[in-house]
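In: fold the stuff below for me.
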Amino acid sequence: MKSRHFLTLPDLTPAELKRVLARAVEMKSMLKRGERHTPLTGRTMAMIFEKSSTRTRVSFQVGMAQLGGTSLFLSPRDTHLDRGEPAEDTARVLSRMVDIIVIRANSHAMVERFATHSQVPVINALTDLDHPCQLLADIQTWIEKRGDIADRKVAWIGDGNNVCHSWISAARMLGFKLDIATPKGYEPKAEIVAASGDCVTLHHDPKQAARGADIVVTDTWASMGQEHEKAERIKAFAGFMVDGALMKLANRDAVFMHCLPAYRGMEVAAEVIDGPQSVVWDEAENRLHAQKALLEFLLAGKERK
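Out: Presented below is the predicted three-dimensional model:
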């Protein structure tokens, strides 16, 4: 039987995505009640990270432990991945030894090559193109706070980056409107926008995107690997900070989201991220619960039909 991978959100059907999100909410409640749930006892997860991580690594490792499994972490110093050995060969060997593989990589193409030759499920823990695990946590947070996200409006303010691409996929799958405001030249990939149908609107004015939004979300202006562009990006993104004035254009009960790490005084004002509309810390916690639901879905077949 062919393994299911999770490299982008559309690797799940919309119905499967909703079931994983509902299960994440349920598993969070189980943990808070002190209920032990260990369906992955005896299973092993390998984590291969080419980029540094705080939330992703901790949430996956803790989540696997809570589900009864074990995990091992491999940094770039610990493997020959795409250096001394092709990704295809690493996939063939490693997938004979572990039950699931989580990869945080520089190149999305490398993760796709790896998954093609893996005998076990592969999860994208962030690439240059996509960050689907973050969206599981983001949508779970909205569901907990406000309910169904269908027909709502989300405003993305900032760089058209990997997280933005995942928000585009989520909009198409879950039926909400996504208004994206970026400086000229920093738009999301045209082919990803084109595949979204009419649920995505592009702007170059953050005020237009934020007006009437239910969620205002942003990300750092210079992602990992773009540090050399930081000075140039600070100039390009002038006027794109999410501050109190911008939040006032959104709906009165709108929430603010950020995947972290955040840089106060740049993409977001301290008054917003540390203010009452911020659900950032819930988002961060929900990485644990959403990824537990994903691990269970891929390894234990818990589709919750």
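In: mind listing the helices for this protein?
Out: Per DSSP state H, the chain carries helices over the ranges 14-32, 55-66, 87-94, 108-116, 132-146, 162-174, 190-194, 206-210, 230-236, 244-247, 270-273, 280-300.
In: in TSV: the ones you listed, plus mean pLDDT.
Out: Formatted as TSV, the helices of the chain follow (pLDDT from 0 to 100):
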stretch	mean pLDDT
helix 14-32	98
helix 55-66	97
helix 87-94	94
helix 108-116	96
helix 132-146	98
helix 162-174	98
helix 190-194	97
helix 206-210	98
helix 230-236	92
helix 244-247	98
helix 270-273	98
helix 280-300	98
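In: so can I have TSV of the ones you listed showing distance to Arg4?
Out: Using the backbone N, CA and C atoms, a C-beta is placed for each residue, glycine as well. TSV is the format used below for the helices of the chain (distance: least, C-beta to C-beta, whole Å):
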stretch	distance to Arg4
helix 14-32	9
helix 55-66	17
helix 87-94	15
helix 108-116	10
helix 132-146	13
helix 162-174	16
helix 190-194	22
helix 206-210	34
helix 230-236	37
helix 244-247	39
helix 270-273	35
helix 280-300	6
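In: so which of these is nearest Gly42?
Out: Gly42 lies closest, by C-beta to C-beta, to one member of those: helix 280-300, at 10.7 Å.
In: show me what the closest one is packed up against.
Out: helix 14-32, helix 55-66, strand 100-104, helix 132-146, strand 255-258 (3 or more C-beta pairs under 8 Å, 6 or more residues apart in numbering; DSSP states H and E).
In: out of the ones you listed, deepest packed?
Out: Comparing the helices and strands packed on helix 280-300 by mean neighbour count (mean count of other C-beta atoms under 10 Å), strand 100-104 comes out on top with a mean of 26.
In: for the residue nearest to the spatial centre of the chain, what are its contacts?
Out: Centroid check for the chain by C-alpha atoms, centre = their mean gives Gln134 as the closest residue, at 1.9 Å. Applying C-beta atoms under 8 Å, 6 or more residues apart in numbering to Gln134 gives the contacts 126, 163, 166, 259, 287.
In: what's the neighbour count on the closest residue to Ser223 other than its chain neighbours?
Out: Spatially, and ignoring its direct neighbours in sequence, Ser223 is nearest to Asn161 (5.7 Å; C-beta to C-beta, 6 or more residues apart in numbering). Using other C-beta atoms under 10 Å, Asn161 has 23 neighbouring residues.
In: adjust the sequence numbering to begin at 264 for everything that follows.
Out: Understood, numbering begins at 264; the last thing we discussed is Asn424.
In: wouldn't Asn424 be in contact with Thr481 here?
Out: No. Look at Asn424 against Thr481 with C-beta atoms under 8 Å: they stay out of range, at 10.5 Å.
In: quick one, domains of this structure?
Out: 272-394+548-562, 397-547 (the TED database).
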